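**Student:** My questions are about this predicted structure, shown below with the sequence.
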Amino acid sequence: MDTIASLFSFITTPVSWVIVQFHSLYGMIFGPDTGWAWGLSIVSLVVLIRICLIPLFVKQIKSTRNMQVLQPKMKAIQERYKNDKQRQSEEMMKLYKETGTNPLSSCLPILAQSPFFFALYHVLSSIASGKTIGVINQGLLDSARQAHIFGAPLAAKFLDSSEKVASLNASLTDVRIVTAIMIVLMSASQFYTQRQLMTKNVDLTVKTPYMQQQKMLMYIFPLIFAVTGVNFPVGVLVYWLTTNVWTMGQQMYVINQNPTPGSKAQDQYLQRLLKSITTHGEVRSRRKRTVVQAIVAKGPDRNDNERKFVVGLGKSGLAAQPDGTVIKSDTAAAEAEAGAAARRQQPKRQTKAQRQAAASQAGTDKSASGDSEADEPQAKTSLQKKDEAQDTAPKPSGKPAAGATRQKAKSGQRKGQQRPKHPTKK
């Protein structure tokens, strides 16, 4: 790790200078040798860096959103040219150029922060070793070595030995408790940031490999922080925890104010916008008018959230205009009511279990009716044959014989045990 950090030694002087300037400011408030002065100096360094990286963050948001939109087209290109990798790459680059998308833009903030991160790590490692670095002279070095955050020195690590921690005037238990808590908070903030992006700011109607990739990163990044965090000094953990908290808050603001179309966050935003418009009867800011204008311009290409927003305006007797404003319209209210009535008249969609039960019931009724129909021709045929046999039997001429009469009488008798005849009729 020291070898990697030494590669960014060219920026250690600017980083150390910024820390010293903030330390001189906070030292007048909390005291120059306190952990608050040095800890807040690191936090202020993070805030300054992240403010400078806001343009890159905006570009990252746009790139991530464009990549989500392009996923179906990219998948189609891969399927079409799956046997020609060169043509596939050319079509991908052509698609990126036409849409103005740069796949590397999503990594720009992390890449831009890396030099500052490793430079700060190098500065804190030098403080732990008792070496001056950048603009940090011997007096500032001694002050930094005395600074503790909740009992843990800025330059101490979770895996440090008890002798090294004792040289920094601290106990190993305090160091490990403080670093463990900071590692857990750092991993939790990273997980929540990624989960917030996946659950609220993704169009769930489009299932793409990009979503699976982001879902994997949601679990991989916190695990990486937890494993590598034991090798970071307390000052670096303060830096990284502050960065994660800043990213989480920045992303929450972006999701609430500029959500991805088709996402859950967009539905919540449009519901808030609808409530504001119906309450005041107008669109009250330029940014909101831009949102309404974009929804009107889409026309039939609106997603479900945007259609629900337009219908909600119509129910309130308002109609959105191409310039982003709204006007009162009885026609819009009537159309919204007619659309709602038409939706109410539609039959309720059955569940899968209900459809399977209905299909099995229909099959049972069909088989039962088929059996009855099969039995009816069979019975009818047997009756016809019996009648034909009786019709075709030769009729005897003259008086029938006594045996024949007796036999015929017997044939007409009921089955079962017969009542004995009276003796006088023998």
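**Tutor:** Looks like it arrived, so ask away. Residues are numbered from 1 along each chain as shown.
**Student:** Double-check residue 162 against residue 170; I have them as touching.
**Tutor:** No - look at residue 162 against residue 170 with Cβ atoms under 8 Å: they stay out of range, at 9.9 Å. To be clear about C-beta, it is placed using only N, CA and C from the backbone, and glycine gets the same treatment.
**Student:** Neighbour count for these two, which is higher?
**Tutor:** It is residue 170, of residue 162 and residue 170, that has more neighbours when counted by other Cβ atoms under 10 Å, with 20 against 12.
**Student:** Could you say which helix or strand holds the closest residue to residue 40 other than its chain neighbours?
**Tutor:** In space, residue 40 comes closest to residue 26 once its chain neighbours are excluded; the distance is 4.8 Å by Cβ to Cβ, 6 or more residues apart in numbering. Residue 26 is part of helix 12-30 when elements are defined by DSSP states H and E.
**Student:** Over to residue 169?
**Tutor:** Assigned by DSSP H and E, residue 169 belongs to no helix or strand.
**Student:** Give me the below-cutoff pLDDT ranges for the stretch 151-300 of the chain.
**Tutor:** By pLDDT under 70, the weakly predicted segments of the stretch 151-300 of the chain are 202-214.
**Student:** change it to 80
**Tutor:** Applying pLDDT under 80 to the stretch 151-300 of the chain flags residues 197-219, 221, 225, 260-262.
**Student:** which residues in it form helices?
**Tutor:** Per DSSP state H, counting those that start in this stretch, the stretch 151-300 of the chain carries helices over the ranges 162-167, 172-200, 209-228, 234-257, 264-280, 286-298.
**Student:** continuing past the helix holding residue 26, what's the next helix or strand?
**Tutor:** Counting by DSSP H and E, what follows helix 12-30 is helix 35-52.
**Student:** any idea which helix or strand comes after that next one?
**Tutor:** Using DSSP H and E, the helix or strand that follows helix 35-52 towards the C-terminus is helix 54-80.
**Student:** related to what we said a few turns ago, just so I know, which of the helices of the stretch 151-300 of the chain lies nearest residue 37?
**Tutor:** Between residue 37 and the helices of the stretch 151-300 of the chain, the tightest spacing by Cβ to Cβ is seen for helix 234-257, at 12.4 Å.
**Student:** Show me what counts as buried in that closest one.
**Tutor:** Across helix 234-257, burial judged by 16 or more other Cβ atoms under 10 Å covers 234-248, 250-252, 254-255.
**Student:** Look at stretch 132-148 and report the distance between its end residues.
**Tutor:** 19 Å (Cα to Cα, to the nearest Å).
**Student:** contact partners of it?
**Tutor:** Contact partners of stretch 132-148, identified using Cβ atoms under 8 Å, 6 or more residues apart in numbering, comprise 12-17, 19-20, 23, 32-35, 37-39, 122-123, 126-128, 130-131, 153-155, 168-170.
**Student:** Then stretch 216-236?
**Tutor:** By Cβ under 8 Å, 6+ apart, stretch 216-236 touches 1, 38-39, 42, 117, 120-121, 124-125, 128, 149, 152-159, 175, 178-179, 182-184, 186-188, 190-191, 194-195, 198, 237, 240.
**Student:** circling back to that earlier point, next one: the helix holding residue 26 to chain centre, how far?
**Tutor:** Offset of helix 12-30 from its chain centre (Cα atoms, centre = their mean, to the nearest Å): 41 Å.
**Student:** Report the inter-axis angle for that helix versus helix 35-52.
**Tutor:** Put simply, helix 12-30 runs at 130 degrees to helix 35-52, going by axes from the mean of the first three to the mean of the last three Cα atoms, to 10 degrees.
**Student:** pLDDT averaged over helix 12-30 - what is it?
**Tutor:** The predicted model assigns helix 12-30 a mean pLDDT of 91.
**Student:** Name the residues of it that are buried.
**Tutor:** 12, 15, 16, 18, 19, 20, 22, 23, 26, 27.
**Student:** so what's the third one closest to, chain neighbours aside?
**Tutor:** Read that as residue 16. Spatially, and ignoring its direct neighbours in sequence, residue 16 is nearest to residue 134 (3.0 Å; Cβ to Cβ, 6+ apart).
**Student:** And the fourth one, by the same measure?
**Tutor:** With Cβ to Cβ, 6+ apart as the measure, residue 45 is the residue that lies nearest to residue 18, at 5.5 Å, once sequence neighbours are left out.
**Student:** Count the residues that sit near residue 294.
**Tutor:** So residue 294, with other Cβ under 10 Å, has 13 neighbours.
**Student:** gap between it and residue 301?
**Tutor:** Using Cβ to Cβ, to the nearest Å, residue 294 is found at 11 Å from residue 301.
**Student:** one step back: OK, contacts around the residue nearest to residue 40?
**Tutor:** For residue 26, the contact set (Cβ under 8 Å, 6+ apart) comprises 36, 37, 40, 41, 44.
**Student:** Could I get the contacting residues of the third one?
**Tutor:** Contacts here follow Cβ under 8 Å, 6+ apart; on that basis residue 40 touches 22, 26, 30.
**Student:** any chance of the residues you listed in a markdown table, plus distance to residue 100?
**Tutor:** Below are the contacts of residue 40 laid out as a markdown table (distance: Cβ to Cβ, whole Å):
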| residue | distance to residue 100 |
| --- | --- |
| 22 | 38 |
| 26 | 43 |
| 30 | 48 |
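**Student:** Let me know the closest of those to residue 79.
**Tutor:** Comparing the contacts of residue 40 against residue 79 with Cβ to Cβ places residue 22 closest, at 54.1 Å.
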